[in-house]
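*Asks:* no sequence on this one, just coordinates:
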């Protein structure tokens, strides 16, 4: 069923929602009680990104055992019909957070962060794991706000070549490149899988572009102006959803 719950706050929980009672963590309890200012008896929508979405009532926000009780089943918002992948060159932390947040809101199914020649951010395995964990929380929060059920899959590839090698061998591949004369709208309008590649603050090197071209990417323009990396990522995903996805 789909209730009129558009004014009810949503909460991502990494939990089984098949039972009548759902235990939540202290972090979630703090968010409900101190950020949203909710109390016992208030209702909230909970979802787990696995297809389960429920209307729940707050039973307790006590530190030792915060829990919710399930009130009704809900039908999750359908995922976008477009299989949209964003390959984003690593950029500074605040810009990367904004990209992850907006990518989740815009229906990106998978986000792969890659290192390019002009990337100023360097991540070893330990730092990469911490950043992915942080980005997952950013994406989950974006889904809570936007009504989306399933956060995007997020990962880090050690190099541009590795990130491109992991793409599905189908659909449209586009790289946002200032100076290109080809608009997105001129590509195959029947595609159901689109991979979007966005560079870092300093753009792509000649070696990067050779790797990109070898992977079969079409160069496209996002208008006459040079956009910041985070603006370009958001603009490209928006255009992709408009041309191929559910913005029509």
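*Replies:* That came through, no problem. All values derive from a computational prediction rather than experimental measurement. Numbers count the residues shown, from 1 in each chain.

*Asks:* Quick check: closest non-adjacent residue to residue 81.
*Replies:* residue 246 (6.0 Å; C-beta to C-beta, 6 or more residues apart in numbering). Every residue, glycine included, has its C-beta placed from N, CA and C.

*Asks:* Number of residues surrounding the one you found?
*Replies:* Per other C-beta atoms under 10 Å, the neighbour tally for residue 246 reads 12.

*Asks:* What of residue 78?
*Replies:* Residue 78 has 9 nearby residues by other C-beta under 10 Å.

*Asks:* Quick check: which element contains it?
*Replies:* Secondary structure assignment for residue 78, by DSSP states H and E: no helix or strand.

*Asks:* Repeat that for residue 148.
*Replies:* Going by DSSP H and E, residue 148 is not part of any helix or strand.

*Asks:* Give me the pLDDT value at it.
*Replies:* Looking at residue 148, its pLDDT reads 96.

*Asks:* wait, it sits on residue 105?
*Replies:* Yes. If you go by C-beta atoms under 8 Å, residue 148 and residue 105 touch, sitting 7.1 Å apart.

*Asks:* and for those two, which residues touch both?
*Replies:* Common contact partners of residue 148 and residue 105 (C-beta atoms under 8 Å, 6 or more residues apart in numbering): residue 142.

*Asks:* okay, those two: which has more neighbours?
*Replies:* More neighbours surround residue 148 than the other of residue 148 and residue 105, with 25 against 17 (other C-beta under 10 Å).

*Asks:* Kindly provide the distance from residue 46 to residue 8.
*Replies:* 10 Å (C-beta to C-beta, to the nearest Å).

*Asks:* Counting neighbours, go ahead and name the busier of those two.
*Replies:* For residue 46 versus residue 8, the count of surrounding residues by other C-beta under 10 Å is larger for residue 46: 23 against 15.

*Asks:* Tell me if the more buried one really is in a strand.
*Replies:* Yes. Membership of residue 46 in a strand is supported by DSSP: H, G, I helix; E, B strand; the rest coil.

*Asks:* Beta-bridge partners for it, please?
*Replies:* With DSSP bridges as the criterion, residue 46 is bridged to residue 11, residue 54.

*Asks:* Nearest spatial neighbour of the spatially most central residue of the chain, chain-adjacent residues omitted?
*Replies:* Of all residues in the chain, the one closest to the mean position by C-alpha atoms, centre = their mean is residue 104, 2.8 Å from it. Spatial nearest neighbour of residue 104, chain neighbours left out: residue 142 (3.7 Å); criterion: C-beta to C-beta, 6+ apart.

*Asks:* That neighbour should be in a strand, yeah?
*Replies:* No. Applying three-state DSSP, one finds residue 142 to be helix, outside a strand.

*Asks:* Could you count how many residues lie near it?
*Replies:* 20.
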